[in-house]
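>>> sharing a model prediction with you, sequence too.
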2 protein chains.
Amino acid sequence: MALALSAVEPNPSGDAPYLRIATEEAYASREFLSAVSQLVDEGVDDPGLAAFFGYMLHSEAPRPTFVRERLPDLGEARLSDMDATGIARQILSMAAPGPNPFGADRGTALARNANDELEDACQRQPDRFSALATIAPQAPNAAAAELDRCKSRGFVGAIINSHVQHEYLDAQKFWPIFEAAESLDMPVYLHPTTPSKALIGPMLDRRLEGAIFGFAVEAGLHALRLIVGGVFDRFPRLRLVLGHLGEALPFWLYRLDYMFKAGGRRSRESRAARPPSEYLRENVWVTTSGMPWEPAIMLCRDVLGADRVLYAMDYPWQFEMDEVRAHDALPLAPDEKRQLMQTNAEYLFGLR
Amino acid sequence: MALALSAVEPNPSGDAPYLRIATEEAYASREFLSAVSQLVDEGVDDPGLAAFFGYMLHSEAPRPTFVRERLPDLGEARLSDMDATGIARQILSMAAPGPNPFGADRGTALARNANDELEDACQRQPDRFSALATIAPQAPNAAAAELDRCKSRGFVGAIINSHVQHEYLDAQKFWPIFEAAESLDMPVYLHPTTPSKALIGPMLDRRLEGAIFGFAVEAGLHALRLIVGGVFDRFPRLRLVLGHLGEALPFWLYRLDYMFKAGGRRSRESRAARPPSEYLRENVWVTTSGMPWEPAIMLCRDVLGADRVLYAMDYPWQFEMDEVRAHDALPLAPDEKRQLMQTNAEYLFGLR
């Protein structure tokens, strides 16, 4: 009960009768930001990365400037922002695109260095920070080994920022990662990035490749590929976390199942043994990152189950006191709200 | 009040205290099916069309066989299916991919012939059928003229099956179509097809390019392009209809607005004057085609307004008595249910 409230301890979540545990909170080392910037400047073969992250890394507009300042901070500025919005604990994770666009060795080194920084931060602030392990999926065996190293150092899961140089993790060469995550009991957070190059075409000229639309298509498709590709049949205890209320897959639950069944022989060419909703309800958790909005949150709780929906802020991309208040104001009983804001995260990530 | 119930007239919707008007009901002429089949066999430059419609046109499996049999029928078989499921009226529309993949002259001729068939059917069964005009957007001026011709023959709107040889209708060369639709007061139903070739890449190998996922990405992106591309600023009285409960855009309403505003200068490079939700609430209607599912229907009514959500079956792709019953069983007051099943359609399509 280390996180339980006490009348004599200060509660970082202020007057709220729960601790706010924010579960999709971005970090990026200065080394990583510089490396991505160099990739973009050198003309990386990834039009989404070049367009969206090029803008975020170079624009002088207020939002990109704030995000660039806060991403590497694991100290006073971040803690002060958490205090100002009543966030008791952030579960830190490496920002998109993560190490995915780099060569195998460079990506693996970037991941390891980031994890060392994250471990230090968690040791300095054990009551305020937890972290997901950064991995470079393009080196699957090294990534699996890094998960093992991170597990022993207190990391509570792993993050993967979607496509890996335009490949998806349903390809079996990546499955050592899922094997390790399952055996280490580490949830895998599948976070968006800009869509892969064969998916992004008509999003670019209208600036729809980022969080406004493209992120959801990329991560939703990726999750669906894992499902119909049989990943959860092979690793039935694997736990997947999706941000942004499941990238709309909960909205589509009925249709996914209907069309999976209607597909007949075509669906059976995939490896999934069961309709998509069964995996979405048994293997998937969703967070409210970027979606602090009652209608969609309530739908997800309704169709996936109240134990499957977790609070997230999406800091520093989205840092809004109004959005915290919107969560506090949800039409839920006190114990349901505590579940959403605190205890589901404690359970999923094994926080004591 | 021609459609009002009367104790002495037979009610095609049986015991229901409303008429079921189904608003996205597919038809395809035999000429059209044969022409699409020929396109596929000749190796059309459209991988989604080749994969998905190739399957639907050639497979001997029960569902494609049933769909192929029923699409061209505008007589006894269709009426018998309507009677069996209590559908009072179908609003008929040309099946995807419509005339879009053909040359301008061929597409225009196919559209005109289909409209002649549809007009005949509506004249034979004025109490059971209405129709949307088929057009070939690749010939924008001819398409506008065809809308005019169809309006004078009683058509109640137009249908466009999404991308036009991989182009989207926010390109200004297509705007004569919207100009005509607005001035003729004909709603435009933007129906999905398989995603354009620069959008479909990673959907194909996992068979996700059709109604299970790709349709929604294609049509949702298309609608969003119209919005941010300024179509509704230029044509403020234009009415757009989206199937499948708005292709999930209602689920994303909060995030669309947040990210549109957060995009700052990048968003302003688009032409839209206002955040996406304003157009979605003022210019867009959604139907329940393929989504006979309480959680998603109720969300759409909640966030768009009860007057913006209309019943559709998606016949013959989806022909399920259980789905009609699911609509009948929605937790709505009698007048709200009548609005969903009947009067919203009467209002939107100007049925008397």
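Great, that's in hand.

>>> how about the strands in chain A?
Secondary structure of chain A (DSSP state E): strands located at A:21-27, A:89-94, A:129-131, A:133-134, A:158-160, A:188-190, A:240-242, A:284-287, A:309-310.

>>> give the contact list for the residue of the stretch 201-350 of chain A found nearest chain B.
Closest approach between the stretch 201-350 of chain A and chain B, counting by C-beta to the nearest C-beta: A:G201, at 2.2 Å. For glycine as for every other residue, the C-beta is placed from the backbone atoms N, C-alpha and C. The contact partners of A:G201, by C-beta atoms under 8 Å, 6 or more residues apart in numbering or on different chains, come to B:S196, B:K197, B:A198, B:L199.

>>> please apply the same query to A:E31.
A:L110, A:N113, A:A114.

>>> ditto for A:L249
By C-beta under 8 Å, 6+ apart, A:L249 lies in contact with A:G220, A:A223, A:L224, A:L242, A:L256, A:P276, A:L280, A:V284.

>>> switch to 7 Å and redo it
Listed by C-beta atoms under 7 Å, 6 or more residues apart in numbering or on different chains, the contact set of A:L249 reads A:G220, A:A223, A:L224, A:L280.

>>> B:R301 versus that one, what's the distance?
From A:L249 across to B:R301, the span is 21 Å (C-beta to C-beta, to the nearest Å).

>>> could you dump the contacts of A:E31 to a markdown table with neighbour count and pLDDT?
Shown next, in a markdown table, are those (neighbours: other C-beta atoms under 10 Å in any protein chain shown; pLDDT from 0 to 100):
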| residue | neighbour count | pLDDT |
| --- | --- | --- |
| A:L110 | 21 | 98 |
| A:N113 | 15 | 98 |
| A:A114 | 25 | 98 |
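
>>> in helices, which of those residues fall?
A:L110, A:N113, A:A114 (DSSP state H).

>>> residues near the nearest residue to A:A326 once chain neighbours are set aside, how many?
Nearest residue to A:A326, sequence neighbours excluded (C-beta to C-beta, 6 or more residues apart in numbering or on different chains): A:P292, at 4.4 Å. Applying other C-beta atoms under 10 Å in any protein chain shown, we find 26 residues neighbouring A:P292.

>>> dihedrals phi and psi, A:P292?
Main-chain torsions, A:P292, degrees, to the nearest 10: phi -80, psi 70.

>>> I'd say it and A:E323 touch.
Yes: A:P292 lies in contact with A:E323 (C-beta atoms under 7 Å); the separation is 3.8 Å.

>>> picking that back up, quick check: which of the strands of chain A is buried the most?
Greatest average neighbour count among these goes to strand A:133-134 (a mean of 32), per mean count of other C-beta atoms under 10 Å in any protein chain shown.

>>> tell me the mean pLDDT over it?
Taken as a whole, strand A:133-134 carries a mean pLDDT of 98.

>>> for it, which strands pair with it and how are they oriented?
strand A:158-160 (parallel) (DSSP bridges).

>>> show residues contacting the strand it pairs with.
Contacts for strand A:158-160 (C-beta under 7 Å, 6+ apart): A:93-94, A:98, A:132-135, A:137, A:147, A:169, A:181, A:186, A:188-191.

>>> out of these, who's nearest chain B?
Using C-beta to the nearest C-beta, A:L169 comes nearest to chain B of these, at 11.6 Å.

>>> count the neighbours of A:L39 for me.
For A:L39, using other C-beta under 10 Å, the count is 21.

>>> list the contacts for it?
A:L39 touches A:P101, counting by C-beta under 7 Å, 6+ apart.

>>> could I get the pLDDT score of it?
Predicted confidence (pLDDT) for A:L39: 95.

>>> for A:G210, see how far away it is.
17 Å.

>>> where in the stretch 151-300 of chain A is pLDDT low?
Low-confidence segments of the stretch 151-300 of chain A, defined by pLDDT under 70: A:264-270.

>>> please repeat the previous calculation with a cut-off of 80.
A:264-271 (pLDDT under 80).

>>> so which of the contacts of A:L249 are also by chain B?
With C-beta under 7 Å from any C-beta of the partner chain as the criterion, the subset of these in contact with chain B comprises A:L224.

>>> got a list of contacts for stretch A:294-314?
Contacts of stretch A:294-314 (C-beta under 7 Å, 6+ apart): A:20-25, A:87, A:243, A:245-246, A:250-251, A:253, A:280-281, A:285-291, A:323, A:327, A:330, A:336, A:339-341, A:344-345, A:348, B:251, B:295, B:299, B:302-303.

>>> which residue does the stretch 51-200 of chain A have closest to chain B?
Counting by C-beta to the nearest C-beta, the stretch 51-200 of chain A gets nearest to chain B through A:A198 (2.2 Å).

>>> wait, A:S29 touches A:E117, no?
Yes: counting by C-beta under 7 Å, A:S29 touches A:E117, with 5.5 Å between them.

>>> which residues touch A:V36?
Shown in contact with A:V36 (C-beta under 7 Å, 6+ apart): A:F53, A:L57, A:P97.

>>> what do you get for A:G14?
Applying C-beta under 7 Å, 6+ apart, the residues contacting A:G14 are A:G86.

>>> and it, its phi and psi?
Main-chain torsions, A:G14, degrees, to the nearest 10: phi 70, psi -130.

>>> let me know the pLDDT of it.
So, for A:G14, pLDDT stands at 76.

>>> need the ones in helices among the contacts of A:E31 in JSON lines (columns: distance to chain B).
Shown next, in JSON lines, are the ones in helices among the contacts of A:E31 (distance: C-beta to the nearest C-beta, whole Å):
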{"residue": "A:L110", "distance to chain B": "25"}
{"residue": "A:N113", "distance to chain B": "30"}
{"residue": "A:A114", "distance to chain B": "25"}
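
>>> can I get the residues you listed in TSV with distance to B:G230?
Listed next are the ones in helices among the contacts of A:E31 as TSV, based on distance: C-beta to C-beta, whole Å:
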residue	distance to B:G230
A:L110	41
A:N113	45
A:A114	42
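
>>> residues near A:E42, how many?
Counted with other C-beta under 10 Å, A:E42 comes out at 7.

>>> and what of the one 5 residues further on?
Summarising burial for A:P47: neighbours were counted as other C-beta under 10 Å, giving 18.

>>> show me the contacts for it.
By C-beta under 7 Å, 6+ apart, A:P47 lies in contact with A:K197, A:I200, A:L204.

>>> mind doing that once more with 8 Å?
Counting by C-beta under 8 Å, 6+ apart, A:P47 makes contact with A:K197, A:I200, A:L204, A:E209.

>>> any stretches of the stretch 1-150 of chain A with poor pLDDT?
In the stretch 1-150 of chain A (pLDDT under 80), the answer is A:1-15.

>>> up against chain B, what does the stretch 1-150 of chain A have?
A:Y55, A:S59, A:A61, A:P62, A:R63 (C-beta under 8 Å from any C-beta of the partner chain).

>>> if we go to 10 Å?
For the stretch 1-150 of chain A, the residues in contact with chain B (C-beta under 10 Å from any C-beta of the partner chain) are A:A51, A:F52, A:Y55, A:S59, A:E60, A:A61, A:P62, A:R63, A:P64.

>>> most neighbours of all those residues, which one?
Neighbour-wise, the residues of the stretch 1-150 of chain A next to chain B (other C-beta under 10 Å) top out at A:F52, 27 neighbours.

>>> isn't that one right next to A:G214, touching?
Yes: under the criterion of C-beta atoms under 10 Å, A:F52 is in contact with A:G214, at a separation of 7.9 Å.

>>> between the two, which contacts overlap?
A:T193, A:T194, A:P195, A:I200, A:M203, A:L204, A:R207 (C-beta atoms under 10 Å, 6 or more residues apart in numbering or on different chains).

>>> nearest residue to the first one other than its sequence neighbours?
Excluding the flanking residues, the one nearest A:T193 by C-beta to C-beta, 6+ apart is A:A96, at 4.0 Å.
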